[in-house]
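Novice: The sequence and its predicted three-dimensional model are supplied below.
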Amino acid sequence: MAEFVRDVMTPGVVAVRPDASLVEAAQLMRAQDIGDVLVASDGQVIGVLTDRDIALRAVADGADPLTVSAEAVCTPNPVVVAPDDAVSDAVGLMRDHAVRRLPVVEDGHPVGMVSLGDLALAQDPSSALADITRADPDSWPGIHQA
């Protein structure tokens, strides 16, 4: 069983500038097949923007995703973990803060992400959540993925 976050995290990060439009962020999420991006400035995490944030905090209110910035909609000052933190600490933070993803930060710089699915795969590979995490994503009819 994995002991440290570095053992279960997805290395590397996908980030946008704070002034990136929601369309830019959503296109990046689609291209990378991910549900979130970090919002970063000068190599520092200032927020996390999820597909859900875009839908509920912008589109549902009628905001124009071409003109609204990632910073305006993201969750600012996200809870983060370090690569050397215990997996159990990440689980506790997710539970306490009701989040499904945590940026992994080392020396102030993002180095990866750890998701609920990553933890499920590591802690119980035969669980339903682990099976879902391993599955190939569905693609929408008529949408051409890069």
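Specialist: Received the coordinates, thanks.

Novice: Convert the C-alpha atoms of the helix or strand containing Arg52 to CSV, please.
Specialist: Using DSSP states H and E, Arg52 sits in helix 51-57. What follows is helix 51-57, C-alpha atoms only, in CSV (Å, rounded to 0.1, in the frame of the first residue of the first chain):
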residue,chain,number,x,y,z
ASP,A,51,-15.2,21.9,-14.9
ARG,A,52,-17.9,22.1,-12.2
ASP,A,53,-16.8,25.7,-11.3
ILE,A,54,-17.2,26.8,-14.9
ALA,A,55,-20.6,25.2,-15.1
LEU,A,56,-22.0,26.4,-11.8
ARG,A,57,-20.2,29.6,-11.1
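
Novice: Could you give the separation of the one helix or strand Asp118 maps to from the chain centroid?
Specialist: Per DSSP H and E, Asp118 falls inside helix 116-123. Put simply, helix 116-123 sits 14 Å off its chain's centre (Cα atoms, centre = their mean, to the nearest Å).

Novice: Remind me what that helix packs against, helices and strands.
Specialist: Using 3 or more Cβ pairs under 8 Å, 6 or more residues apart in numbering; DSSP states H and E as the contact criterion, the elements in contact with helix 116-123 are helix 5-8, helix 87-97, helix 128-134. Backbone N, C-alpha and C define where each C-beta goes, glycine included.

Novice: Go again with 10 Å.
Specialist: helix 5-8, helix 87-97, strand 101-106, strand 109-115, helix 128-134 (3 or more Cβ pairs under 10 Å, 6 or more residues apart in numbering; DSSP states H and E).

Novice: partners of whatever helix or strand comes next after the shortest one in the sheet?
Specialist: Of the helices and strands lying after helix 5-8 in sequence (DSSP H and E), the nearest is strand 10-11. As defined by DSSP bridges, the strand partners of strand 10-11 come to strand 109-115 (antiparallel).
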